[in-house]
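Asks: sequence and predicted model, in that order:
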Amino acid sequence: MAGGFEAIKNAGLRSWLEEVQRLCRPEGVYVCDGSEEEYARICRTCVDHGTFTRLNETLRPNCFLARSHPSDVARVEDRTFICTPEQIEAGPTNNWAESGEMKRKMTAMFDGCMKGRIMYVIPFSMGPIGSPFSKTGVEVTDSAYVVANMIIMTRVGTKVLEALGDDGSFIPCLHSVGAPLGLGQEDVAWPCERDPVKKFIVHFPDEPSIWSYGSGYGGNALLGKKCLALRIASAMARKEGWLAEHMLILALTSPQGKKYYIAGAFPSACGKTNLAMMRPTLPGWKVTTIGDDIAWMRIGPDGRLYAMNPETGFFGVAPGTSYDSNPNAMETFTANSIFTNAALTDEGDIWWEDMGIPAPAHAIDWEGADWTPDAGRKAAHPNSRFTAPARQCPVIDPDWENPAGVPLSAVLFGGRRAGTVPLVYEAFDWEHGVFMGSAAGSETTAANLSKTGVLRHDPFAMLPFCGYNMGDYFAHWLSMAERTDESRLPRIFFVNWFRKGEDGHFLWPGYGENSRVLKWISERIEGRGQAVKTPIGNLPSAEALDLTGLDIPAADLQALLTVDREAWQAEAAELARYYEQFGDRLPEALRRQLAALQERLGGR
Ligand code: OXD
Ligand code: MN
């Protein structure tokens, strides 16, 4: 399949590709055209290499399973860098390296790194091709697995090159698994750099460009997603006056046919995909999906905030996805999908924990070993994933590819919090809402290669994804109220589906029952829903939530809708400590908001 750069008319792109080819010294080059025939061919290549196993054609047509190397199973936040001339521009929450020094280091690492491999060139568009709000990237990678996933997750190929034209600008995204092949050396199914400290996910927001070395997994390697559409885009958005956010986008339709577009920021593996595709249990209510992970938002001509999903696929966490938790996701990946690190059944289908299907008597686990239910270990990796085309989602919204986006009525912030944080509360105004977003925290999950279940601050669910100083990011959010009439902006809410009782049981049933919370939110938007003003925001009273048909113990409901002053005083004190690191980059308005919260809570 090797060829040259004949298809590339853009002079800047051509000279970058020639430079990369000279540096990485691949065996051949291949420029992706985005055709169906090409996708099939790339998948065959992956099968031939042993990277993919084709699943049972009857049970799961045109689907594949990949198993990664055990050292390469999640995003590596400690190996992710924002490189600027001065550390202050990356801020205290990012790993920083000086741009020039990192460029030299990366150039040395990429020297000869594609030996024995094909250098694939993936022209891609985040957002509909040709939309003024879309961004063009070109990923160069030596991984066919990455190519197959990028084809599902983004708009790829010749049409992107055509839209780029002779002199259009693009974001160079250079990726290598970091495993050059010596002469005659046999390849492995999942090549990658195995030494964790030799993996580098590097961003140069000032150029902008991305260099990713050593990992073939998810957000480390599919560079359109976290690297471009969040880290690089957030820095571009700040300069250009818009927002690039780690948010799902859904449309909620009431029984009367009124539609509300809602975006929600939740940390990785906290149910964004489930919420985005939810089947409401409340009769007559409907949810349709626009996106499950990333929202690009800008103020439209009517002064409202419009959100667009720049992706075309879902890269969702598999374990826990079932016909109970997310039937629409289950229907989305019935065909044409890639599964990574799931278990393989003897029938040639996939399986994972909490799939709502009894465990098979025998399977091959994510590491390729025989597995039986009494094995004492998980069959699927906790961060195993499905990559599925968004257009296959049964509840995809008709406007999901609208280049102008959809006008938001509400923005939700949330996290995984066993204690303290109520089921839902509403901000008093935009500034208070931004304060709430800045104060968000969550227990960590398997989406990142570190300890799980540890409570950490995760402002706006952007901690791993903000491409510049988080203090400036807060200021940018606050500035939205100056760019439009504040009353046109979406209302802001905080939600917590993960509250637990003292004995560890979840107090709220979640999933489709979350429609009850969304209904209250829509009533607030309409100025009707009843709320009680508390020190932390406006909470629904138990009567204000539609709990028809839901059997929930009164004590659980009480705990879900009560503000525990002492716990919140501790929360505020901890936030004050957290804020200190931002120094004078912390907007004065947030300092004021924190002081006002402490005042309302009393006991200072
Ligand atoms: C993701 C993540 O893959 O946030 O979406 O880790
Ligand atoms: Mn995510």
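Replies: In hand now; what should we look at? Ligands and ions are numbered 1, 2, ... in the order given.
Asks: tell me the confidence at whatever residue of the stretch 51-200 of the chain ends up closest to ligand 1?
Replies: Nearest residue of the stretch 51-200 of the chain to ligand 1, counting by Cβ to the nearest ligand atom: residue 75, 5.4 Å away. Backbone N, C-alpha and C define where each C-beta goes, glycine included. With respect to pLDDT, residue 75 scores 95.
Asks: go on, residue 304?
Replies: pLDDT, residue 304: 98.
Asks: residue 454 too?
Replies: For residue 454, the model assigns a pLDDT of 83.
Asks: now residue 449
Replies: 68.
Asks: same deal with the one 10 residues further on?
Replies: Taken from the predicted model, the pLDDT recorded for residue 459 is 97.
Asks: how about residue 249?
Replies: Model confidence at residue 249, given as pLDDT, is 98.
Asks: ok, whichever strand or helix holds it: who's next to it in the sheet?
Replies: Using DSSP states H and E, residue 249 sits within strand 247-253. Partners of strand 247-253 in the sheet, by DSSP bridges, are strand 259-265 (antiparallel), strand 286-291 (antiparallel).
Asks: and the next element down the chain from the shortest one?
Replies: Proceeding N to C from strand 286-291, the next assigned helix or strand is strand 295-299, under DSSP H and E.
Asks: phi, psi of the residue of the chain found nearest ligand 1?
Replies: With Cβ to the nearest ligand atom, the shortest gap between the chain and ligand 1 falls at residue 268, namely 3.1 Å. Dihedral pair for residue 268: phi -60, psi 140, per degrees, to the nearest 10.
Asks: burial check on it, number of neighbours?
Replies: 25 (other Cβ atoms under 10 Å).
Asks: need the contact list for the closest residue to it other than its chain neighbours.
Replies: In space, residue 268 comes closest to residue 447 once its chain neighbours are excluded; the distance is 3.4 Å by Cβ to Cβ, 6 or more residues apart in numbering. For residue 447, the contacting residues are 74-75, 267-269, 317, 383, by Cβ atoms under 8 Å, 6 or more residues apart in numbering.
Asks: narrow these to those in strands?
Replies: Counting by DSSP state E, the contacts of residue 447 place residue 317 in strands.
Asks: so residue 234 is in which element?
Replies: Going by DSSP H and E, residue 234 is in helix 233-240.
Asks: what's that helix packed up against?
Replies: If contacts are counted by 3 or more Cβ pairs under 8 Å, 6 or more residues apart in numbering; DSSP states H and E, helix 233-240 sits against strand 243-245, helix 470-483.
Asks: would you mind getting the angle between the longest one and strand 295-299?
Replies: Counting by axes from the mean of the first three to the mean of the last three Cα atoms, to 10 degrees, helix 470-483 lies at 40 degrees to strand 295-299.
Asks: would you mark the buried spots in helix 470-483?
Replies: 470-478, 480-481 (16 or more other Cβ atoms under 10 Å).
Asks: report the angle between it and helix 233-240.
Replies: Going by the same axes, to 10 degrees, helix 470-483 makes 50 degrees with helix 233-240.
Asks: which strands or helices does helix 470-483 pack on?
Replies: helix 233-240, strand 243-245, helix 430-438, helix 588-601.
Asks: for the longest one, output the C-alpha coordinates as PDB.
Replies: Which is helix 588-601. Extracted in PDB, the C-alpha atoms of helix 588-601 (Å, rounded to 0.1, in the frame of the first residue of the first chain):
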ATOM      1  CA  GLU A 588     -10.900  38.000  41.700                       C
ATOM      2  CA  ALA A 589     -14.500  37.000  41.000                       C
ATOM      3  CA  LEU A 590     -13.800  33.400  42.100                       C
ATOM      4  CA  ARG A 591     -12.100  34.600  45.300                       C
ATOM      5  CA  ARG A 592     -15.200  36.600  45.900                       C
ATOM      6  CA  GLN A 593     -17.500  33.700  45.200                       C
ATOM      7  CA  LEU A 594     -15.600  31.500  47.600                       C
ATOM      8  CA  ALA A 595     -15.700  34.100  50.400                       C
ATOM      9  CA  ALA A 596     -19.500  34.500  49.700                       C
ATOM     10  CA  LEU A 597     -20.000  30.800  50.000                       C
ATOM     11  CA  GLN A 598     -18.100  30.600  53.200                       C
ATOM     12  CA  GLU A 599     -20.100  33.500  54.500                       C
ATOM     13  CA  ARG A 600     -23.400  31.800  53.600                       C
ATOM     14  CA  LEU A 601     -22.300  28.600  55.200                       C
END
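Asks: which parts of it are buried?
Replies: Across helix 588-601, burial judged by 16+ other Cβ under 10 Å covers 589-590, 593-594, 597-598, 601.
Asks: over to the first one?
Replies: Of the residues in helix 233-240, those scored as buried under the neighbour-count criterion (16+ other Cβ under 10 Å) are 233-238.
Asks: spatially, which two of these are the most separated?
Replies: The two members of those with the most space between them (Cβ to Cβ) are 233 and 238, at 9.7 Å.
Asks: how close does residue 530 get to ligand 2?
Replies: Computed as Cβ to the ion, to the nearest Å, the residue 530 to ligand 2 distance reads 34 Å.
Asks: ok, how many other residues are close to that residue?
Replies: 13.
Asks: same question, the one 10 residues further on
Replies: Other residues within reach of residue 540, judged by other Cβ under 10 Å, total 25.
Asks: residue contacts, it?
Replies: For residue 540, the contact set (Cβ under 8 Å, 6+ apart) comprises 424, 520, 529-532, 561.
Asks: now, the residues you listed that are in helices?
Replies: residue 520 (DSSP state H).
Asks: what is the lowest-pLDDT residue among the contacts of residue 540?
Replies: residue 529 (92).
Asks: excluding its backbone neighbours, what's nearest that residue?
Replies: Nearest non-adjacent residue to residue 529 (Cβ to Cβ, 6+ apart): residue 523, at 3.1 Å.
Asks: strands of the stretch 101-250 of the chain, start to end?
Replies: 118-126, 135-141, 155-156, 171-176, 200-204, 209-213, 243-245, 247-253 (DSSP state E, counting those that start in this stretch).
Asks: what's the first one packed up against?
Replies: Applying 3+ Cβ pairs under 8 Å, 6+ apart, we find strand 118-126 packed against helix 11-24, strand 28-31, strand 135-141, helix 144-153, strand 155-156, helix 158-164.
Asks: tell me the mean pLDDT over stretch 496-514?
Replies: The average pLDDT within stretch 496-514 is 96.
Asks: what comes up buried for that stretch?
Replies: 496-499, 507-508, 510-514.
Asks: what's the answer for stretch 332-350, then?
Replies: 332-333, 336-345, 348-350.
Asks: averaged pLDDT, it. What do you get?
Replies: Mean predicted confidence for stretch 332-350 is 98.
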